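Peer 1: return atomic coordinates for the entry below.
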Amino acid sequence: MTRRRAIALLAGILAVAAIEWFAAARAYRSKISDDDWAALAEVVAALPADEPVLLATPWLGPRARMELPALASWTSAAPPDLHGVARFHVLGLGDAWHEALDGELDGLPAPTHLGETRAGPLALHHYAQAATGQVLEDMVDVGARLQVQDQRGRCSGRGPWRCKGGALAVEALEIDYRPRRCLAARLDDGGRVTVRLRDARLGAELRGHLGFSDFNARLRSDAPVALAITIDGALAGRFVFTDSQGWAGFRVATTPGVHDVEVELVTTVSGTWQGVRYQGRREHVPCFELRALAEAGA
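Peer 2: Below is the predicted model of the structure:
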């Protein structure tokens with residue numbers, strides 16, 4: 001390379017660096033001050049506990065969860081979806097919504113924007129969703145009311161549950177690149193676990209999701225699982241899931257009232273393939289959640 005060409009190349013690199021510096025300075029010219037966070041913290045602290053705060057600017061997450069404890073709650077950090085949430089709030093830096101939140105609607109229409117509260121460059125947008133009903137029961141949250149057994153008998157504990165053929169526990173896992181809080185089943189190959197909730201308050205539907213953790217295990221296995229829902233001893237729905245479906249939703253219509261609900265999960269293989277060898281460790285972990293929802297407006 002000649003000296004003249006080297007000088008020209010260096011000048012080009014410096015020019016690109018200068019353009020990027022100028023663009024970054026314009027993009028981030030609005031700084032978030034401690035006073036902005038403090039003002040917003042007062043607003044968020046006054047919100048009802050059942051109104052989660054979500055993010056329209058995802059990269060704000062680490063700082064926002066430090067400054068606003070409500071954003072570190074499970075309803076904000078790892079929600080199953082937005083069904084059952086009549087009012088919620090979205091924090092953004094120049095953003096009122098994010099495309100990732102479209103998936104959380106899971107079939108619901110776009111919510112109604114009620115306004116915003118500003119604190120410097122930050123904005124807390126307020127939303128209402130009239131098309132959803134109240135959550136009456138949530139298997140992830142009822143804990144000691146669940147009765148769990150596998151194919152070898154009753155499992156011990158009240159969460160986590162220890163079984164002869166594995167274990168069941170409420171965990172927060174990475175599923176389809178997002179955190180989800182669900183009932184994780186770590187079972188032997190061909191294992192089966194049954195989760196029973198007696199005297200459950202049911203409304204218009206049972207709605208749930210199932211997905212697999214984690215990224216590395218999903219690369220090394222695509223083994224399916226089967227899930228069946230029984231209400232008062234009668235089969236209400238049967239589903240088969242693979243990890244290619246991500247955080248896969250399912251639902252069954254229900255009759256309002258008090259009923260016994262049972263979920264049976266059956267695995268095929270729970271291990272993973274490392275090259276040409278099969279590793280029998282319980283690494284390909286299915287995790288599910290299930291909620292009973294009232295009809296909208298009920």
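Peer 1: contacts, neighbours, all on C-alpha from now
Peer 2: OK.
Peer 1: and residue 161, how far from residue 143?
Peer 2: Per C-alpha to C-alpha, to the nearest Å, residue 161 is found 10 Å from residue 143.
Peer 1: and the two? which has more neighbours close in?
Peer 2: Per other C-alpha atoms under 10 Å, whichever of residue 161 and residue 143 has more neighbours is residue 161, with 19 against 15.
Peer 1: just the pLDDT for that one.
Peer 2: In the predicted model, residue 161 carries a pLDDT score of 98.
Peer 1: dig out what it forms beta bridges with.
Peer 2: residue 168 (DSSP bridges).
Peer 1: ends of stretch 153-167, what's the gap?
Peer 2: Start-to-end, stretch 153-167 (C-alpha to C-alpha) is 12 Å.
Peer 1: can you give me the helices for the chain?
Peer 2: In the chain, the helices defined using DSSP state H lie at 3-27, 34-45, 61-67, 74-77, 99-105, 139-142, 215-219.
Peer 1: for those, which has the smallest mean pLDDT value?
Peer 2: helix 3-27 (a mean of 57).
Peer 1: which residues does the residue lying closest to residue 104 once chain neighbours are set aside contact?
Peer 2: Leaving aside its chain neighbours, residue 104 sits nearest to residue 81 (4.4 Å; criterion: C-alpha to C-alpha, 6 or more residues apart in numbering). Neighbouring residues of residue 81 by C-alpha atoms under 8 Å, 6 or more residues apart in numbering: 103, 104, 105, 106.
Peer 1: which one is the third one nearest to, not counting chain neighbours?
Peer 2: Just to be clear, that refers to residue 105. The shortest distance from residue 105 to any non-neighbouring residue, by C-alpha to C-alpha, 6+ apart, is to residue 82 (5.3 Å).
Peer 1: where in the stretch 101-250 of the chain is pLDDT low?
Peer 2: Scanning the stretch 101-250 of the chain for pLDDT under 70 picks out no residues.
Peer 1: can you map out the strands along it?
Peer 2: 112-119, 122-128, 135-138, 146-150, 153-154, 161-163, 166-175, 178-187, 192-202, 205-213, 225-231, 234-241, 248-253 (DSSP state E, counting those that start in this stretch).
Peer 1: between those strands, which gets nearest to residue 70?
Peer 2: strand 122-128 (12.9 Å; C-alpha to C-alpha).
Peer 1: returning to that earlier point: now the strands of the stretch 101-250 of the chain as CSV including distance to residue 275?
Peer 2: Shown next, in CSV, are these (distance: least, C-alpha to C-alpha, whole Å):
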stretch, distance to residue 275
strand 112-119, 50
strand 122-128, 48
strand 135-138, 40
strand 146-150, 31
strand 153-154, 35
strand 161-163, 30
strand 166-175, 23
strand 178-187, 22
strand 192-202, 27
strand 205-213, 20
strand 225-231, 23
strand 234-241, 24
strand 248-253, 28
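Peer 1: mind checking which of those is nearest residue 32?
Peer 2: Nearest to residue 32 among the strands of the stretch 101-250 of the chain is strand 122-128; the distance by C-alpha to C-alpha comes to 7.4 Å.
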